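> Got a sequence here, can you build the structure:
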Amino acid sequence: MTPTFSASSRPHVAELYRLFLDANVLFSAAYRRDAGVRRLWWLAGAEIVTSAYAAEEARRNLGAAERRAALDELLGAVRVSNVLGDPAGHAEIEDSGPPEKDLPILRAAVAAQATHLITGDRNHFGHLFGKTVAGVLVVRPAGYLAGRAESGPAGWLDPARQDLAATKRRLAFLTRRANPG
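Modelled structure (predicted):
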């Protein structure tokens, strides 16, 4: 059974991380219902944020109507900001190196006060992976998810966001990983 996402289904916990999703992450999550990147929506202690700019870019690149509908479903559990950030606000952003067409993503992440910019765009953001720009850590989805998993199973995935059997399998995997042999 595929979970549905809505703002009301978000866990009611103190927000620890604010994750800003780039268009390619939204695209991947909408393109395949079994995409690993969808685990971002299940994380406890995280607020998922994106910009209208990123959402529209993902929508433009999704061809089929059913994939655009999947994007709309996912966006129901995401805070979508129309604020792109002040281009003159942070010289660090302008000097960070992404092409002009990708600067609105970084500006919006900073304006949203994100803790992380989650992007798979290696060509334009790869030189920033693992680096902090104007207070926002730029990471790949897999890298972020792996880091959360390494911090321990407690609080990593919100059981209300996925079925109990999948949660038990994930916790068993993490326990075996933490206690080899």
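> Poorly predicted segments of this structure, please.
Per-residue confidence for the chain (pLDDT under 70) gives these ranges: 1-15, 84-97, 99, 149-181.
> how about the helices in this structure?
23-31, 52-61, 65-75, 91-94, 103-111, 122-125, 141-150, 164-178 (DSSP state H).
> Would you convert the ones you listed into TSV that also reports distance to W41?
Glycine gets a C-beta too; all of them are placed from N, C-alpha and C. As requested, the helices of the chain are arranged in TSV below (distance: least, CB to CB, whole Å):
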stretch	distance to W41
helix 23-31	7
helix 52-61	14
helix 65-75	7
helix 91-94	27
helix 103-111	18
helix 122-125	21
helix 141-150	11
helix 164-178	13
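> of those, which approaches A44 most closely?
helix 141-150 (9.5 Å; CB to CB).
> Output the contacting helices and strands for that closest one.
Where contact means 3 or more CB pairs under 8 Å, 6 or more residues apart in numbering; DSSP states H and E, helix 141-150 is packed against strand 116-118.
> Buried ones in stretch 131-146, by neighbour count?
Under the neighbour-count criterion of 16 or more other CB atoms under 10 Å, stretch 131-146 has V133, A134, V136, L137, V138, V139, R140, P141, Y144, L145 buried.
> now the fourth one, nearest residue through space, not along the chain?
Meaning L137. Excluding the flanking residues, the one nearest L137 by CB to CB, 6 or more residues apart in numbering is H116, at 5.0 Å.
> that older thread, which two in the buried residues of stretch 131-146 are spaced the farthest apart?
Maximum distance among these (CB to CB): 23.5 Å, for A134 and L145.
> picking up where we left off before, next, the contact list for the residue nearest to L137, please.
With contacts defined as CB atoms under 8 Å, 6 or more residues apart in numbering, the neighbours of H116 are Y17, R18, L19, F20, V136, L137, V138, V139, Y144.
> So which of those sit within strands?
With strands identified by DSSP state E, the entries of the contacts of H116 that belong to them are Y17, R18, L19, F20, V136, L137, V138, V139.
> Is the fifth one in contact with V110, as I believe?
In other words, V136. Yes. V136 lies in contact with V110 (CB atoms under 8 Å); the separation is 5.6 Å.
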